[in-house]
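In: Sharing a model that was predicted from the sequence below.
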Amino acid sequence: MTHKTGPTSDAASETMAHGAFTNGYEFSAGSGYALPHYPFVEPPELRTGEVKRHGIVIVGGGITGLTLACALAQYGVKALLLDEDDTVGVKGASSRGICYAQKTLEIFRRLGIYGRIAHKGVQWSVGRTFAGADEVYSFDLRQQQTHSLSVEPPFINIQQFYIEGYLVEQLMQGDAANHPIDLRWKHRITGFAQNEDFATLTIETPAGSYSLEAEHVIDCSGSHSPFRRWCQASVTAQKGDDRWCIADVRFRHPPPVERHTWIEAPFNDGRAVWQHLMADGVWRIDYQMLPDADPAEVSREDVVRARLDAQFGRRLTAEECEIVWVGPYAYRSECLDQLRHGRVFFVGDSAHVVSPFGARGGNSGVQDADNLAWKLAAVVQGRAGPSLLDSYHQERHEAAEQNVRVTNRTARFLRPRDGAERLFRTAALGLARRHAFARQLVNTGRMSTPNTYAHSSVCGPSGGRRHPERGVQLDRRQRRRVDRPDALGGRTAAGAGVWRSRRTGHPAPAGVICRGRHTLRAGDCPGRPFGGAGTRHRHARSSAGQLPRLRPRLGRAAARRLSGSERREHRRVAGAGGCHGLGQGTRTAVEGRLKVA
């Protein structure tokens with residue numbers, strides 16, 4: 001049931017934080033993971049009593065907050081990051097999020113940690129889906145257009161705390177005195193107020209409390225964020241009764257390295273099961289439980305081992321099967337109606353919570369952070385006006401709504417209500433066993449893909465979608481997707497773009513642009529606008545010290561649709577060597593599915 005709520009009360013917050021079934025993993029079991037711990041350093045404000053003002057304060061050092069911090073650091077923007085814990089991951093040392101999509105991996109490459117993730121994690125693209133004992137269908141994401149847009153693999157499985165640890169290490173590289181990010185552990189926010197000019201935060205630490213001011217507060221503190229209540233943020237939410245139990249297991253003789261999904265698993269009383277491999281040879285197995293299951297009961301090691309014995313058809317000894325971690329969880333779907341409230345931006349789980357199907361939770365948070373980081377940098381550095389920040393809500397709220405909608409459909413398929421929903425699932429599974437056309441009706445999770453923005457004030461009307469006759473294609477040898485705008489290296493008007501290094505992501509020096517080494521982060525680039533239906537671009541030779549020119553090339557079908565004046569204009573621009581844009585004020589690629597052919 002979907003409903004809107006106002007700000008969460010203290011009592012309700014307490015209930016959610018300590019209820020029988022939450023994502024806090026109070027009933028976790030197993031040998032657990034060894035996590036790093038970072039030292040608390042007494043802040044200088046406690047000694048001086050000064051109430052210092054910061055440009056950007058990030059609250060929460062999870063994967064979203066750390067991604068945002070690393071992105072800002074790359075742009076040379078100073079920020080303060082506060083986290084109430086002293087480690088990565090979550091209390092209970094769970095694996096938490098594990099599936100990281102191609103778009104997210106592109107962001108991690110730009111932040112300098114992709115190599116470590118690819119080395120540690122498990123790349124996969126093949127999945128098999130079973131209904132009962134029958135294999136209904138299989139897929140290979142590499143064969144799907146939405147997962148073959150760049151050089152990164154469709155997905156890498158790795159425990160979330162590894163990525164968070166890599167981000168922390170990336171932030172701590174080099175001379176501590178020159179770090180743009182001030183990372184403070186064991187700092188808990190206990191109070192908040194804001195006016196038109198700045199926000200004031202009250203912070204509790206092991207050494208005492210102090211206050212500071214911030215021009216921008218980025219809330220990455222998670223789904224139980226106190227900023228929701230402090231900002232009077234309304235939420236559109238949907239709560240279900242689906243219950244699951246995670247088992248992270250290491251086998252002596254592991255199963256195939258594929259993503260296996262059972263919709264009606266005979267070894268789990270006809271309920272769903274997920275199975276896939278993570279780093280360190282650990283397998284994540286998710287078991288769907290009864291709605292009224294006791295979390296303490298389903299998490300007991302002997303109960304989990306009985307479940308594993310049933311799945312693999314024999315008794316597994318402790319030497320054959322090590323239980324690394326076990327924890328029950330429930331999920332809910334919710335999305336704030338506004339992702340910006342004055343000086344506060346809600347990012348990641350503090351802005352939206354989705355069910356885990358399709359790996360759209362953590363990936364969406366990373367992409368939120370990436371979206372907001374370049375806009376904050378552009379505004380703070382004086383390269384764009386403050387109104388650019390409004391597009392964060394327009395774009396990422398649309399993405400959140402799409403993710404909530406897609407994951408809720410999966411949830412209804414996996415736990416259908418009696419009546420039409422159950423009838424539909426039964427019919428879909430029956431048909432899929434015999435007919436290929438029905439396999440697309442079997443919904444075990446639509447995997448995370450880049451979002452398009454139809455409602456953004458800084459995007460063109462396409463919102464990043466690629467029209468069959470209106471695509472932008474760069475030279476084939478680049479083999480790189482134009483994945484996002486970049487207002488930092490070009491004009492500050494909507495649609496500014498810049499040539500950037502494919503390896504480092506840094507802007508290319510003027511006149512030093514090599515087709516094989518640099519890629520155009522599209523939008524409007526300096527030059528005269530041109531274009532029309534079906535316009536493509538081809539590199540033209542350039543003189544020393546000049547930007548290589550993009551020469552428009554028109555397909556025959558597109559040319560026939562142009563008027564006489566449009567054809568004359570096209571010939572005139574092409575004869576002059578072209579330009580570097582597609583139309584004044586229009587960005588044609590915004591974190592969407594724009595592919596470099």
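Out: Perfect, I can see it now. Note that this is a predicted model, so its numbers are computed, not measured.

In: any idea how far Arg284 is from Arg332?
Out: According to Cβ to Cβ, to the nearest Å, Arg332 and Arg284 sit 21 Å apart. Every residue, glycine included, has its C-beta placed from N, CA and C.

In: That should have said Tyr392, apologies.
Out: Using Cβ to Cβ, Tyr392 is found at 32 Å from Arg284.

In: Next: Glu50.
Out: Distance from Glu50 to Arg284, by Cβ to Cβ: 47 Å.

In: returning to what we had before: neighbour count winner among Arg332 and Arg284?
Out: The residue with more neighbours, out of Arg332 and Arg284 and counting by other Cβ atoms under 10 Å, is Arg284; that gives 21 against 16.

In: In contact with that one, which residues are there?
Out: Neighbouring residues of Arg284 by Cβ atoms under 8 Å, 6 or more residues apart in numbering: 95, 98, 157, 246-248, 274-278.

In: could the residues you listed go into a markdown table alongside pLDDT?
Out: A markdown table is the format used below for the contacts of Arg284 (pLDDT from 0 to 100):
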| residue | pLDDT |
| --- | --- |
| Ser95 | 75 |
| Ile98 | 89 |
| Asn157 | 93 |
| Ile246 | 90 |
| Ala247 | 91 |
| Asp248 | 92 |
| Trp274 | 92 |
| Gln275 | 92 |
| His276 | 90 |
| Leu277 | 92 |
| Met278 | 92 |
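
In: Specify which member of these is nearest to Ala71.
Out: Closest to Ala71 out of those is Ile98 (22.1 Å), distances taken as Cβ to Cβ.

In: and the gap between that closest one and Gly89?
Out: 12 Å.

In: okay, and the common contacts of these two?
Out: Counting by Cβ under 8 Å, 6+ apart, the residues touching both Ile98 and Gly89 are 159-160.

In: which of the two has more neighbours?
Out: Neighbours were counted for Ile98 and for Gly89 using other Cβ under 10 Å; Ile98 has more, 26 against 22.

In: where does the residue nearest the centre of the chain land on pLDDT?
Out: Most central in the chain under Cα atoms, centre = their mean is Asn363, positioned 2.3 Å from the mean C-alpha point. At Asn363, the model reports a pLDDT of 93.

In: and what of Arg259?
Out: At Arg259, the pLDDT value in this model is 87.

In: which one is it nearest to, not counting chain neighbours?
Out: Counting by Cβ to Cβ, 6 or more residues apart in numbering, Arg259 lies nearest to Gly127, which is 3.9 Å off, once chain neighbours are set aside.

In: just the helices in the stretch 101-250 of the chain please.
Out: With helices called from DSSP state H, counting those that start in this stretch, the stretch 101-250 of the chain shows them at 102-111, 114-120, 160-171, 227-230.

In: out of these, which comes closest to Thr200?
Out: Comparing the helices of the stretch 101-250 of the chain by Cβ to Cβ, helix 227-230 comes nearest, at 11.2 Å.

In: show me the contacts for Leu212.
Out: Taking Cβ under 8 Å, 6+ apart, we find Leu212 in contact with 45, 51-54, 57, 80, 200-201, 203.

In: The same query, at a cut-off of 7 Å, please.
Out: By Cβ atoms under 7 Å, 6 or more residues apart in numbering, Leu212 lies in contact with 45, 51-52, 54, 201, 203.

In: which one among those residues gets closest to Phe437?
Out: Relative to Phe437, the closest of the contacts of Leu212 is Leu201; by Cβ to Cβ it sits at 55.9 Å.

In: what about the closest one, distance to Gly55?
Out: Where Gly55 is concerned, Leu201 sits at a distance of 14 Å (Cβ to Cβ).

In: Name the residue in these two with the higher neighbour count.
Out: Neighbour comparison, Leu201 and Gly55: the larger count goes to Leu201, with 22 against 16 (by other Cβ under 10 Å).

In: Show the model's pLDDT score for the more buried one.
Out: 97.

In: Arg332 now?
Out: 81.

In: Tell me what it is bridged to.
Out: Applying DSSP bridges to Arg332 gives these bridge partners: Lys239.

In: Also Arg184?
Out: Beta bridges link Arg184 to Leu82 when assigned by DSSP bridges.

In: Kindly tell me how buried it is, as a neighbour count.
Out: 18.

In: contacting residues for it?
Out: By Cβ under 7 Å, 6+ apart, the contact list for Arg184 reads 43, 80-82.

In: for Tyr114, same thing?
Out: Residues in contact with Tyr114 (Cβ under 7 Å, 6+ apart) are 105, 108.

In: what about it, distance to Asn268?
Out: On the measure of Cβ to Cβ, Tyr114 and Asn268 end up 36 Å apart.

In: Likewise for Ala427?
Out: Computed as Cβ to Cβ, the Ala427 to Asn268 distance reads 22 Å.

In: higher neighbour count, the two?
Out: Neighbour tally, Ala427 and Asn268, criterion other Cβ under 10 Å: the higher count belongs to Asn268, 17 against 12.

In: Now for Cys70: which residues touch it?
Out: With Cβ under 7 Å, 6+ apart, Cys70 has these contacts: 111, 167, 170-171.

In: Closest one of the residues you listed to Val458?
Out: Taking Cβ to Cβ as the measure, Val458 sits nearest to Leu111 out of those, at 23.1 Å.

In: now that closest one: how far from Phe161?
Out: For Leu111, the distance to Phe161 (Cβ to Cβ) stands at 17 Å.

In: now do Tyr137
Out: In terms of Cβ to Cβ, Tyr137 sits 33 Å off from Phe161.

In: Which one of those two is surrounded by more residues?
Out: Under the criterion of other Cβ under 10 Å, the comparison of Tyr137 against Phe161 puts Phe161 first, with 23 against 17.

In: which residues sit in contact with that one?
Out: Per Cβ under 7 Å, 6+ apart, neighbours of Phe161: 33, 35, 88-89.

In: Find me the pLDDT at it, would you?
Out: For Phe161, the model assigns a pLDDT of 91.

In: Following the helix or strand that contains Asn403 in sequence, what is the next regular element?
Out: Using DSSP states H and E, Asn403 maps to helix 390-414. Next along the chain after helix 390-414, taking DSSP H and E as the criterion, comes helix 420-432.

In: Output the contacting helices and strands for that next one.
Out: Packing contacts for helix 420-432, counted by 3 or more Cβ pairs under 7 Å, 6 or more residues apart in numbering; DSSP states H and E, involve strand 134-140.

In: elements contacting the strand it packs on?
Out: Secondary elements touching strand 134-140 (3+ Cβ pairs under 7 Å, 6+ apart): strand 126-131, helix 420-432.

In: And those: which comes nearest Tyr75?
Out: That would be strand 126-131 among the helices and strands packed on strand 134-140, by Cβ to Cβ, at 36.7 Å.

In: partner strands of the closest one, parallel or antiparallel?
Out: If you go by DSSP bridges, strand 126-131 pairs up with strand 134-140 (antiparallel), strand 259-265 (parallel).
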